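Peer 1: structure, please.
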Amino acid sequence: MEIRQQDSFTYKDLLKKERLLSFATALVLLGIAFVFEHFASVYALAYSMRPTSVYVGDILLDNIPVVNLNFLIVEGALFSIVAGTLFVFSKPRYILFTLKAVALFIMIRAFFTSLTHIGIYPGHIDPGAGFLDGIYTYLDFQTGFFFSGHTGLPFLMALIFWEDKRARVVLLSLSLIFAVGVLLAHVHYSIDVFAAPFMAYGIFTIAKKFFPRDYALINPGP
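Peer 2: Numbers count the residues shown, from 1 in each chain. Modelled structure (predicted):
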């Protein structure tokens, strides 16, 4: 039977003087990322009202039926965010790098969703009118398509926790489930979904270059 050793890195180590600045920087970057996301979403929503924002053909969506998967896309996504946050904060060693990598992910996605504006594919499933639907709509507006956050964020987390086999399998499975879900609900174009893992890998690589000391905590190398 495999015996897992308890990680010696604790919150006491995380909050040492030499890491406090890094922790504060991570929180600031995350705050800035959400500001970027907010204004990018508002801009995309306003732009979507223009007559030039029309939908385009998609060889995959043209040939699959629309399925109402709101429970997965809305409630599933929000639950995954909460569960993922608790999981990350249960592993202090991963907190600094994960927060910064996620902040980069949000900012880069906000930049991309601000560039090209097309209409949502016809027949898509709209979020409902419930409380959780309202939170989801505020955070996303379903107007920023490229690239899929549902698919990309779990993939990024899988890359961060790659050495943890169980976490890797769960996160990769979650990325695949969300990818299929948003396509069946027609709330993303296929290019948004298929490009997401590549974008996530690029962001992961950038984060390693920008934050080498934080990454060294989770992957000290040879």
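
Peer 1: and residue 188, which of the three is it?
Peer 2: Under DSSP: H, G, I helix; E, B strand; the rest coil, the three-state class of residue 188 is coil.

Peer 1: and what of the one 5 residues further on?
Peer 2: Local secondary structure at residue 193 is given as helix here, using three-state DSSP.

Peer 1: that one contacts residue 177, doesn't it?
Peer 2: No. With contact defined as CB atoms under 8 Å, residue 193 does not count as touching residue 177 (11.8 Å). All C-beta atoms are positioned from the backbone trio N, CA, C, and that covers glycine.

Peer 1: looking at the two, which is more packed in?
Peer 2: residue 193 (24 against 17; other CB atoms under 10 Å).

Peer 1: can you pull the contacts of that one?
Peer 2: Neighbour list for residue 193: 147, 148, 151, 179, 182, 183 [criterion: CB atoms under 8 Å, 6 or more residues apart in numbering].

Peer 1: helices of this structure, start to end?
Peer 2: 11-14, 17-48, 70, 77-89, 92-113, 131-140, 149-160, 165-184, 190-210, 212-218 (DSSP state H).

Peer 1: from those helices, which stretch is densest packed?
Peer 2: helix 149-160 (a mean of 25; mean count of other CB atoms under 10 Å).

Peer 1: how distant is that one from the center of its chain?
Peer 2: Distance, stretch centre to chain centre, for helix 149-160: 6 Å (CA atoms, centre = their mean, to the nearest Å).

Peer 1: cool, stretch 101-109 as well?
Peer 2: For stretch 101-109, the distance to the chain centre is 8 Å (CA atoms, centre = their mean).

Peer 1: do stretch 96-104 as well
Peer 2: With CA atoms, centre = their mean, you get 11 Å for stretch 96-104.

Peer 1: now tell me what touches that stretch from outside.
Peer 2: Contacts of stretch 96-104 (CB under 8 Å, 6+ apart): 14, 19, 22-23, 25-27, 29-30, 32-33, 88, 153, 156-157, 160, 203-204, 206-207, 210-211, 214-215, 217-218.

Peer 1: burial count for the nearest residue to residue 186 once chain neighbours are set aside?
Peer 2: Among residues not flanking residue 186 along the chain, residue 124 sits closest, at 4.1 Å (CB to CB, 6 or more residues apart in numbering). Counted with other CB under 10 Å, residues neighbouring residue 124 total 15.

Peer 1: contacting residues around residue 124?
Peer 2: 66, 142, 185, 186, 187.

Peer 1: can you check the pLDDT for residue 53?
Peer 2: We have a pLDDT of 71 for residue 53.

Peer 1: next: residue 175.
Peer 2: 97.

Peer 1: wait, it touches residue 159, no?
Peer 2: No. With contact defined as CB under 8 Å, residue 175 does not reach residue 159; the gap is 10.3 Å.

Peer 1: need the residues touching each of these two.
Peer 2: With CB under 8 Å, 6+ apart, residue 175 and residue 159 have no common neighbours.

Peer 1: ok, residue 112 touching residue 145?
Peer 2: No. With contact defined as CB under 8 Å, residue 112 does not count as touching residue 145 (9.2 Å).

Peer 1: so where's this protein uncertain?
Peer 2: Under the criterion pLDDT under 70, the flagged ranges of the chain are 1-6, 51-52, 127-131, 137-143, 221-222.

Peer 1: ok, the spatially most central residue of it - contacts?
Peer 2: Centroid check for the chain by CA atoms, centre = their mean gives residue 153 as the closest residue, at 2.7 Å. Going by CB under 8 Å, 6+ apart, residue 153 touches 102, 105, 200.
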